[in-house]
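Participant: Give me a model of this one.
(2 chains)
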Amino acid sequence: EDQVTQSPEALRLQEGESSSLNCSYTVSGLRGLFWYRQDPGKGPEFLFTLYSAGEEKEKERLKATLTKKESFLHITAPKPEDSATYLCAVQGYGNKLVFGAGTILRVKS
Amino acid sequence: SAVISQKPSRDICQRGTSLTIQCQVDSQVTMMFWYRQQPGQSLTLIATANQGSEATYESGFVIDKFPISRPNLTFSTLTVSNMSPEDSSIYLCSVAISRLAGYNEQFFGPGTRLTVL
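Facilitator: You can find the predicted model right below:
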């Protein structure tokens, strides 16, 4: 059974304090690993897709990396507007996404 | 990506009643999905709704409780039937967009926040 574990559950950072979120996964035949951002009361917002180990993608202050067992979402010099829940999901055979529980990020000014 | 809208955005319902949630996409898509997000939890897939075929339900979800329609390639509905307070959740629709590499990316609507009293 496909599984996704995210850590930490919650993370508090000062503005400008860089850090990383972790997503560990087990999946039979990885077809894609996805990162989403979710603000309270809203639907998940697509951030990145990673398909193969060694792949990296960047968007503004965010950088996602992928190995055969885990993915990291690196946040460089975060700002208060980066505060959100970050969700990781994997897609194995078929089109079903399996989500992790998410990491709640709070960035204080 | 795709622009997805849902109606209603929120509702408060009495137990025993039913609510139909609508999902509209701005382009034709083959694969649509319905998810549930219970308070403080992550997303759980309810069913996959492909046009021209019966919806496929995940373990723990049944058609009598969550009937789904998919009349065309831009629209779907999810009905939450005979509601109880345990059905209070955010219900989200999503669509899958195929990429050249043969993989799909899923994009989500804004969600419908349902409270059952």
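Participant: ok, whichever residue of chain B sits closest to chain A to residue A:31 distance?
Facilitator: Nearest residue of chain B to chain A: residue B:108, at 3.9 Å (C-beta to the nearest C-beta). (Glycine included, C-beta is placed from N, CA and C.) Per C-beta to C-beta, to the nearest Å, residue B:108 is found 18 Å from residue A:31.
Participant: How about residue B:22?
Facilitator: 30 Å.
Participant: re the thing from before, give me the more crowded residue out of residue B:108 and residue A:31.
Facilitator: Ranked by neighbour count (other C-beta atoms under 10 Å in any protein chain shown), residue B:108 and residue A:31 place residue B:108 first, with 22 against 17.
Participant: ok, now which ones touch the more buried one?
Facilitator: For residue B:108, the contact set (C-beta atoms under 8 Å, 6 or more residues apart in numbering or on different chains) comprises A:36, A:43, A:44, A:45, A:46, B:4, B:35, B:92, B:93, B:94.
Participant: Need the nearest residue in space to residue 68, chain neighbours excluded.
Facilitator: By default, I'm working from chain A. With C-beta to C-beta, 6 or more residues apart in numbering or on different chains as the measure, residue A:53 is the residue that lies nearest to residue A:68, at 4.8 Å, once sequence neighbours are left out.
Participant: wrong one, chain B
Facilitator: Closest to residue B:68 by C-beta to C-beta, 6+ apart is residue B:55, at 4.1 Å.
Participant: per-residue confidence at the residue of chain B closest to chain A?
Facilitator: Residue B:108 carries a pLDDT value of 96.
Participant: swap in residue B:59?
Facilitator: 93.
Participant: What's the separation between it and residue B:87?
Facilitator: Counting by C-beta to C-beta - residue B:59 and residue B:87 are separated by 17 Å.
Participant: the more surrounded of those two?
Facilitator: Using other C-beta under 10 Å as the criterion, residue B:59 and residue B:87 rank with residue B:87 on top: 20 against 6.
Participant: can you pull the contacts of that one?
Facilitator: Counting by C-beta under 8 Å, 6+ apart, residue B:87 has contacts B:80, B:114, B:116.
Participant: what's the distance between the last one and residue A:91?
Facilitator: In other words, residue B:116. In terms of C-beta to C-beta, residue B:116 sits 31 Å off from residue A:91.
Participant: Report the buried members of the contacts of residue B:108.
Facilitator: Listed as buried from the contacts of residue B:108 are A:36, A:43, A:44, A:46, B:4, B:35, B:92, B:93, B:94; burial here means 16 or more other C-beta atoms under 10 Å in any protein chain shown.
Participant: Chain B: strands as residue ranges?
Facilitator: Listed in chain order, the strands of chain B (DSSP state E) span B:4-7, B:10-13, B:19-25, B:31-37, B:43-50, B:56-57, B:68-72, B:75-80, B:89-98, B:104-108, B:112-116.
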